[in-house]
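Peer 1: fold the following.
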Amino acid sequence: MNYIPISLVILRFLIAPFLLWDALDGKTGLWFIIAFVVAFLSDIFDGIIARKLGVSNAQLRQADSWADVTLYICVAASAWIVHRDVVIACRLPLITLLVAQLMWWLVNFVKYGKGASYHTYSAKLWGITLFVATLALERI
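Peer 2: Just a heads-up that it's a prediction; the model follows:
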């Protein structure tokens, strides 16, 4: 039972390149959405299960954060491949978000010497926003 949270994190790492691979032909479909929803749910439940089992620790939270980064880099690359016109049309807000994220990482590396793994309500809201935006983009 104690391996369930890390297994869910690993699952997200494994799903991420599948999403990118699915987009390489210039389109995505039902499998992309199903895999993305599974990855999103794994992100929700890994932390809940880890806390219930008492196995939540800094290493698991760090791995969870890296799995999230990997997932959303693959989703962003998939969006670029499949919906380049939408990405270009939204380039200013997307560049602003990217710069803000890079500044956040830089501040954390300067302050802590590593990336921080914040699991705040605002981070959870950001994850939900990315989830909704990704599903909305797939409806185009």
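
Peer 1: low pLDDT regions in this structure?
Peer 2: Within the chain, the ranges that satisfy pLDDT under 70 run 116-120, 122.

Peer 1: how about the strands in it?
Peer 2: With DSSP state E applied, the chain shows no strands anywhere along its length.

Peer 1: now do the helices in it.
Peer 2: For the chain, the helices identified by DSSP state H occupy 4-23, 30-53, 58-82, 84-89, 91-112, 121-138, in order along the chain.

Peer 1: would a markdown table of the ones you listed with mean neighbour count be doable?
Peer 2: In this view, the C-beta of every residue, glycine as well, is placed from N, C-alpha and C. Shown next, in a markdown table, are the helices of the chain (neighbours: other Cβ atoms under 10 Å):
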| stretch | mean neighbour count |
| --- | --- |
| helix 4-23 | 18 |
| helix 30-53 | 17 |
| helix 58-82 | 18 |
| helix 84-89 | 12 |
| helix 91-112 | 11 |
| helix 121-138 | 14 |
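
Peer 1: and residue 75, what does it touch?
Peer 2: Counting by Cβ atoms under 8 Å, 6 or more residues apart in numbering, residue 75 touches 16, 19, 36, 130, 134.

Peer 1: switch to 10 Å and redo it
Peer 2: With contacts taken as Cβ atoms under 10 Å, 6 or more residues apart in numbering, residue 75 has the following neighbours: 16, 19-20, 23, 32, 36, 39, 130-131, 133-134, 137-138.

Peer 1: so which of the residues you listed is the closest to residue 60?
Peer 2: residue 39 (16.7 Å; Cβ to Cβ).

Peer 1: I'd guessed that closest one sits against residue 45; true?
Peer 2: No - between residue 39 and residue 45 no contact is recorded; they are 11.2 Å apart, counting by Cβ atoms under 10 Å.
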